[in-house]
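Engineer: Build the 3D model from these lines:
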Amino acid sequence: MAKTKTLRKQKKSERLFFVEHKPSSSKGLSDKKLVREILIDALTNNDMDTFQDVLVGYIRTSSKVELSRKTNLGRTTLYDLIDPEKPFNPTLDTIGKIFEELAA
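Structural biologist: Here you go, the predicted structure:
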């Protein structure tokens with residue numbers, strides 16, 4: 001039985017330098033205090049469209065991994081909230097955990 005030939009040692013691939021991607025350059029959505037105030041104001045005025053827009057915008061501009069770690073929510077839950085094809089119906093527990101992270 002003949003030995004099978006193996007490939008030569010592979011060459012190292014070129015290392016690519018990655019640039020950090022910032023999904024939104026809006027400084028307003030990165031300001032936790034401002035986002036918290038807008039969300040509270042939208043809730044007190046029963047303006048659910050503004051509440052949804054600001055909350056979805058905040059989640060989109062945040063790191064989902066860090067946000068899920070800080071809020072103890074699954075990343076799937078966060079992605080479900082920002083998915084336009086799914087109904088926007090977060091539980092009070094989910095909203096409470098996001099508000100706790102905004103207050104920190």
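
Engineer: use CA for all of it now, contacts and neighbours both
Structural biologist: Will do.

Engineer: can you give me the helices for this protein?
Structural biologist: Assigned by DSSP state H, the helices in the chain fall at 32-44, 48-61, 64-71, 75-82, 92-103.

Engineer: Present the ones you listed as TSV; the columns should include distance to residue 5 and mean pLDDT.
Structural biologist: Below are the helices of the chain laid out as TSV (distance: least, Cα to Cα, whole Å; pLDDT from 0 to 100):
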stretch	distance to residue 5	mean pLDDT
helix 32-44	60	91
helix 48-61	51	90
helix 64-71	44	91
helix 75-82	46	91
helix 92-103	57	90
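
Engineer: which one of the ones you listed lies closest to residue 6?
Structural biologist: Closest to residue 6 of the helices of the chain is helix 64-71 (Cα to Cα; 40.9 Å).

Engineer: Quick one: residues in contact with the closest one.
Structural biologist: 73-75, 78, 97-98, 100-101 (Cα atoms under 8 Å, 6 or more residues apart in numbering).

Engineer: now residue 90, nearest residue through space, not along the chain?
Structural biologist: residue 81 (7.1 Å; Cα to Cα, 6 or more residues apart in numbering).

Engineer: Next, count neighbours for that neighbour.
Structural biologist: Residue 81 has 21 neighbours, counted by other Cα atoms under 10 Å.

Engineer: I'm done for today, thanks for sticking with me.
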